[in-house]
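[1] Got a predicted structure here, sequence first:
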Amino acid sequence: MKVFLVGWWVFFLFLETQAWAVQIHGPPEGLYVHMMAHLFFTSSILFFFYWLRKHPVQEGKGWHYLKLSLLFFLLWNLDTLMIHILSIRLPEEALSRPSQIWHHRLMPPLTWERVLYYIGRFDHLFCVPAIWFLVQSLKSFLEEEASSVQ
């Protein structure tokens, strides 16, 4: 069965030529709704941190990983909100945005806003660890549950 599933996965992997993983939001309402979603996600994380502080749960590796995941998701959300705000504030000539997203460039002169925008675009440095810690916490919870059942 595993060979069959891996075979289908490899087949579909090489079948498609473009992934289209980047979504562009139409101005202005697409960006506003997107930023509201970031604010809602941020407030949800802050509420979850508050709830975990007010009602401490069982200590364990899974909960530690979950808290780290929430911290990285919070940092990612704040970073992404900052980037959205900076992208609105920066003048049109600050960014070269050809049709291919991989060819976008930051244009001189380099101001603090432009440099902050450039550094903030590395949001995957927060998002990837957040997802990794989330997976590790779920894996740890599953192992704890499996050992308690036996």
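    Looks like it came in fine.
[2] how close does the residue nearest in space to the middle of the chain get to L52?
    For the chain, C127 is the residue whose C-alpha lies nearest the centre (C-alpha atoms, centre = their mean; 3.7 Å). According to C-beta to C-beta, to the nearest Å, C127 stands 21 Å off from L52. Just so you know, the C-beta spots here come from the backbone N, C-alpha and C atoms, and that holds for glycine as well.
[3] So what's the residue count around F41?
    16 (other C-beta atoms under 10 Å).
[4] Wait, it touches L78, no?
    No - under the criterion of C-beta atoms under 8 Å, F41 makes no contact with L78, lying 10.4 Å away.
[5] okay, and for the chain, where does confidence drop off?
    For the chain, the stretches flagged by pLDDT under 70 are 16-27.
[6] The helix ranked longest in it packs against which elements?
    Identified as the longest helix of the chain according to DSSP state H is helix 61-89. Judged by 3 or more C-beta pairs under 8 Å, 6 or more residues apart in numbering; DSSP states H and E, helix 61-89 is in contact with helix 29-54, helix 112-120, helix 124-149.
[7] Give the buried residues for the first one.
    Within helix 29-54, the residues that qualify as buried by neighbour count (16 or more other C-beta atoms under 10 Å) are M35, H38, F41, T42, I45.
[8] need the contact list for the closest residue to the fourth one other than its chain neighbours.
    Beyond its immediate neighbours in the sequence, the residue positioned closest to T42 (C-beta to C-beta, 6 or more residues apart in numbering) is N77, lying 4.5 Å away. Contacts here follow C-beta atoms under 8 Å, 6 or more residues apart in numbering; on that basis N77 touches H38, F41, T42, I45.
[9] same thing but 10 Å
    Listed by C-beta atoms under 10 Å, 6 or more residues apart in numbering, the contact set of N77 reads 37-46, 123, 126-127, 130.
[10] Tell me the spacing between it and M107.
    N77 sits 28 Å away from M107, going by C-beta to C-beta.
[11] Then P56?
    Distance, P56 to M107, by C-beta to C-beta: 50 Å.
[12] same deal with L52?
    Per C-beta to C-beta, L52 is found 44 Å from M107.
[13] The longest helix of the chain versus helix 124-149: what angle between them?
    Counting by axes from the mean of the first three to the mean of the last three C-alpha atoms, to 10 degrees, helix 61-89 lies at 160 degrees to helix 124-149.
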